[in-house]
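> Model the structure of this input:
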Amino acid sequence: MAGCLVLHYPLVRGREIAVELTLTPMTAADLARLLVPLQEGYANDLAVHRGVTLESARQQSADQIRESLPAGVATEGALLRLARVGDTQVGWIWVAMPKPGESRAWIYNVEVDPAYRGQGHARRIIQLIEAELAQLGVPELGLNVFGTNTVAIGLYRSLGFEVSAQQMAKRIDPAR
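The predicted model follows:
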């Protein structure tokens with residue numbers, strides 16, 4: 001299939017059965033289906049980690065995603081890929097290509113559907129997007145992760161990501 005990258009890997013550790021994980025370009029219908037859960041998940045993270053109301057977080061989430069994808073799947077510099085094993089969608093990834101004068105692409109979202117988590121798919125999705133970026137001449141890939149997401153942090157470290165910046169925050173009770 002044109003535009004697809006394929007990686008063979010064991011679906012379940014310890015088995016010899018190999019499957020193909022493919023990344024395919026996302027369609028407008030795919031994005032429309034994924035936008036609501038993306039916005040809601042990001043809003044929940046903003047509310048928890050940034051101390052804003054859920055209503056405010058929902059607005060911020062919708063605004064940021066709309067600004068980042070003004071033309072949806074046709075947005076210049078946005079790589080939106082579905083991850084499939086055979087005909088089954090197991091996850092997806094959204095990467096922004098480097099801006100002019102920069103060398104780093106950014107993972108905005110990588111997600112594995114709940115039924116397929118813990119099987120190595122997120123690792124393979126990131127490895128495939130790295131291969132695609134390498135073919136496009138992109139030398140560096142970055143991402144942001146909330147500090148409480150220890151599972152993701154462990155995955156990213158195992159893939160060679162290193163901390164390049166760190167933010168810290170502390171909640172303060174308002175004076176009464």
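
> Checking residue 115 next. Helix, strand or coil?
helix (DSSP: H, G, I helix; E, B strand; the rest coil).

> Quick check: most distant residue from the centroid of the protein.
Largest separation from the mean C-alpha position in the chain: residue 176, at 41.1 Å (Cα atoms, centre = their mean).

> State the distance from that residue to residue 141.
Per Cβ to Cβ, to the nearest Å, residue 176 is found 46 Å from residue 141. No exception for glycine: its C-beta is placed from N, CA and C like everyone else's.

> Same question for residue 120.
If you go by Cβ to Cβ, the gap between residue 120 and residue 141 works out to 19 Å.

> What of residue 68?
17 Å.

> And residue 80, by the same measure?
As for residue 80, its distance to residue 141 is 16 Å (criterion: Cβ to Cβ).

> out of these two, which sits in the busier spot?
residue 80 (24 against 19; other Cβ atoms under 10 Å).

> The more buried one and residue 27 touch, don't they?
No - using Cβ atoms under 8 Å, residue 80 makes no contact with residue 27, being 9.1 Å away.

> how about the strands in this structure?
Here the chain has its strands, by DSSP state E, at 5-10, 18-25, 78-85, 88-96, 104-112, 140-143.

> and of these, who's closest to residue 39?
strand 104-112 (10.8 Å; Cβ to Cβ).

> The closest one pairs with which strands?
Strand 104-112 has its sheet partners listed here by DSSP bridges as strand 88-96 (antiparallel), strand 140-143 (parallel).

> So which of those is the most surrounded?
strand 88-96 (a mean of 20; mean count of other Cβ atoms under 10 Å).

> Any chance you could list what contacts it?
Where contact means Cβ atoms under 8 Å, 6 or more residues apart in numbering, the residues beyond strand 88-96 that reach it are 21, 23, 26, 30, 34, 68, 77-84, 105-113, 116, 121-122, 125-126, 129, 133, 141.

> Good, we can wrap up now.
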